[in-house]
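**Student:** Got a predicted structure plus its sequence, pasted below:
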Amino acid sequence: MSVSTEGLQLRTGSRWVSDMVELLSSMRFAISLLTVICIASVIGTVVKQHEPFNNYVNQFGPFWAEVFASAQLFSVYSAWWFLLILAFLVISTSLCIARNTPKILVDLKSHKENIREQSLKAFAHKAEASLAESPESAARRIGQTLVGSGWKVKLQSRDTPQGTGWMVAAKAGAANKLGYIAAHSAIVLICVGGLLDGDLMVRAQTWFNGKQPFQGGGLIADVPEQHRLSSSNPTFRGNLLVTEGTASSTAILAQPQGVLLQELPFSVELKKFIVEYYDTGMPRLFASEIVIHDKETGEKKEARVEVNHPANHRGINIYQSSFDDGGSRVKLQAVPLTRPTRPFEVEGTIGSSTALSNGDQQLTLEYTALRVINVENFANAGVADGSQTDVRKVDLRHSIESRLGAGNKTVTEKHLRNVGPSITYKLRDAAGQAVEYHNYMLPVELDGQRVFLLGLRETPQEPFRYLRVPADADDSMDAFVRLRGALDDPEMRRAAVRRYAESSVEPGRPDLAEALVASATRALDLFAGAEPVPATDSRPEVVGGLQAISAFLESNVPGNDRERASDVLVRILNGTLFELYQLSREKAGLPRSAQDESTRRFMTQAVISLSDTFFYPAPMTFQLKDFTHLQASVFQVARAPGQNIVYLGCLLLIIGIFAMLYVRDRRIWVWLSPSGENRSEARMALSSNRKTMDGDREFDQLQSQLLKVTP
């Protein structure tokens, strides 16, 4: 029997209904639906689902974000059209099963012993032989041989002009057709289980039960009843965040227009959260020790939840999804960078905010994240990046091995180091615009100099850009802050210029000293931003830093003399900044710093950092001084009545695929006609649903066993 791609043919009713039923029950329609589902699944895998809409706007642009949102491509698996396709696939596959199953069952019972003798000549595998035994004796011998080999045999006698002939009909591999039923039934079961475990039930409650997604904020206890689902909800899947030492019994179900609150028949108390890390800083294990408090019976049940090891209570699975900050307490110190500001401290919890005042400008400090462990790769620290390639020295073998080969290749060896805690925060202005900052608590050694890394970015899609602030001998930023404050003080700048001129010019050369004072004053004022460089047609106004020195030279020095003038001006600038650094130490009651290698490295990095502070968008940075770490566990709670249905479908799918791929449906016929006293003529044919080398070998073997003919 061959499975037809056509659908059910109705004999009654209108032509339109008949064509519709035929289409729905046809295999071609089911395959088309499967293709569309596969394409939609690819989209759902490539495009991140259920992200904030602003993320999609930043990724695709406003126009395409609106287009994709209208097509619900950001929530593919809960889109109405995806669920509709699943429903049609269930109907179509069910009709296919209903149409073909009776035929398959009839075919399983039939041996097709009524096949005509002449039809045996049309088979690819056929053979003829003369046997020295009567047709009945040969038929019974052949039948017993086939039964012994696992075939199901049926004998039939027929009257012919030459006498009574016998037909031996045998079949094997009937499980191949059962595989068709199992595989198609599996598709139906998996789709039904998916519909049951999807958010179809939740949507039905919003359509018919008056439930509405909640779009506001505030405490969960204050959310009105129309935004809550009862604990008897037959199916749901949501997230539950529990902080150490607290309990929660309300899960959050994300919806396209907001969230729904799912009440649980129990509360989950988090006793302890456990997290272990690899050397790379990635979590190796995170688990939660919880206590489940049943609301109805008051029972307390202790459990440990790990990834892939959920807990279960009242038919609800509790999965370990991720972990988050549970409201850690942090203490930050404000450090002035771009203008003189009195240092101060602020305290807050992660997820909260603090109002600040920057003169007439009102700012909001938002505590975003605290990371206790930060593992970074220092393998290429201090090495030029790959873009600076010397074409005279290309190591082709090194280049290839760095991209191919085993995972333990040494050309990509990593030097991982935990650089300590870090704080992430946002400074938001009155207009709602925010800049995100990421500062490390401890200094990091880069290129032989210990520096504090102060990161910032304007949008979440950008990587952090880091300002390197050199650390002093006490591993603090105090020396740099004092130098930055001295740079903003006109009196200290003039004192530093005088000291530099006195140390650089021999006594008795007042004219040379006066010229050096003028040059040093100009260079230091340009660098400090006290003398902005006016804008030109090709660039805007430049204020402060080495970029101001460069802009001044470009505007006032001819091109041929620019390189020599820049060397002189930078040398004068470095000298005056060193004297300014010494003055800042004297003002703080510290001795002069020795002109050793450590001081030279500090000053080299300090000049670059002072120049970069003019690009820093905030007048101050906030350094992490102390913290109390508090963790929270994120659970996924799910009631999935279709889970067992899906498991059964997967089992049937495996059985069906193996049956269809590895079980060959074979039939064999042997017609025995009388040809004399105790003699008969045998004609044998073999059919199989697939032509394989195994089929050829099997026919040769059967030909030898049954007809006693060597092929």
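**Tutor:** Received the coordinates, thanks.
**Student:** tell me the contacts of residue 643?
**Tutor:** Counting by CB atoms under 8 Å, 6 or more residues apart in numbering, residue 643 makes contact with 193, 197. Every C-beta, even on glycine, is put in place using the N, C-alpha and C of the backbone.
**Student:** Likewise for residue 41?
**Tutor:** Residue 41 neighbours (CB under 8 Å, 6+ apart): residue 76.
**Student:** Check which helices and strands the top strand by length along the chain sits against.
**Tutor:** Identified as the longest strand of the chain according to DSSP state E is strand 258-277. Packed against strand 258-277, as judged by 3 or more CB pairs under 8 Å, 6 or more residues apart in numbering; DSSP states H and E, are the following elements: strand 228-229, strand 236-243, strand 247-255, strand 283-294, strand 316-325, strand 631-639.
**Student:** Just the buried positions in it, please.
**Tutor:** Neighbour counts over strand 258-277 (16 or more other CB atoms under 10 Å) mark 259, 260, 261, 262, 264, 265, 266, 267, 268, 269, 270, 273 as buried.
**Student:** Please verify my assumption that the first one contacts residue 250.
**Tutor:** No - with the criterion set as CB atoms under 8 Å, residue 259 and residue 250 do not qualify as a contacting pair; they are 10.6 Å apart.
**Student:** Show me where the stretch 251-400 of the chain dips below the pLDDT cut-off.
**Tutor:** 340, 358-359, 377-400 (pLDDT under 70).
**Student:** can you pull out the helices in the stretch 101-250 of the chain?
**Tutor:** Counting by DSSP state H, counting those that start in this stretch, one finds helices in the stretch 101-250 of the chain at the ranges 135-148, 175-197, 200-208.
**Student:** among the ones you listed, which is the most enclosed?
**Tutor:** Among these, helix 175-197 has the highest mean neighbour count (mean count of other CB atoms under 10 Å), at a mean of 20.
**Student:** so what secondary structure elements neighbour that one?
**Tutor:** helix 80-109, helix 643-662.
**Student:** Among the buried residues of strand 258-277, which one sits closest to residue 140?
**Tutor:** Nearest to residue 140 among these is residue 265, at 69.1 Å by CB to CB.
**Student:** for the closest residue to the closest one other than its chain neighbours, what are its contacts?
**Tutor:** For residue 265, ignoring the flanking residues on the chain, the nearest one in space by CB to CB, 6 or more residues apart in numbering is residue 231 at 4.4 Å. For residue 231, the contacting residues are 263, 264, 265, 295, by CB under 8 Å, 6+ apart.
**Student:** and which of those is nearest residue 371?
**Tutor:** Taking the contacts of residue 231 together and measuring to residue 371 by CB to CB, the closest member is residue 264, at 30.6 Å.
**Student:** dump the residue contacts of the closest one.
**Tutor:** For residue 264, the contact set (CB under 8 Å, 6+ apart) comprises 231, 240, 249, 250, 251, 316, 637.
**Student:** Count the residues that sit near residue 303.
**Tutor:** Using other CB atoms under 10 Å, the number of residues around residue 303 comes to 16.
**Student:** brain fart, residue 617
**Tutor:** 10.
**Student:** coming back round to it: just flag whichever of the helices of the stretch 101-250 of the chain has the lowest average confidence.
**Tutor:** Of all these, the minimum mean pLDDT falls on helix 200-208 (a mean of 83).
**Student:** what angle sits between that helix and helix 175-197?
**Tutor:** Between helix 200-208 and helix 175-197, the angle comes out at 40 degrees (axes from the mean of the first three to the mean of the last three CA atoms, to 10 degrees).
**Student:** Please write out the alpha-carbon positions of helix 200-208 in CSV.
**Tutor:** In CSV, the C-alpha atoms belonging to helix 200-208 read as follows (Å, rounded to 0.1, in the frame of the first residue of the first chain):
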residue,chain,number,x,y,z
LEU,A,200,-3.6,30.0,25.2
MET,A,201,-5.3,29.4,28.6
VAL,A,202,-3.9,32.7,29.9
ARG,A,203,-5.2,34.5,26.8
ALA,A,204,-8.6,32.9,27.2
GLN,A,205,-8.9,34.4,30.6
THR,A,206,-8.0,37.9,29.3
TRP,A,207,-10.6,37.4,26.5
PHE,A,208,-13.5,35.9,28.5
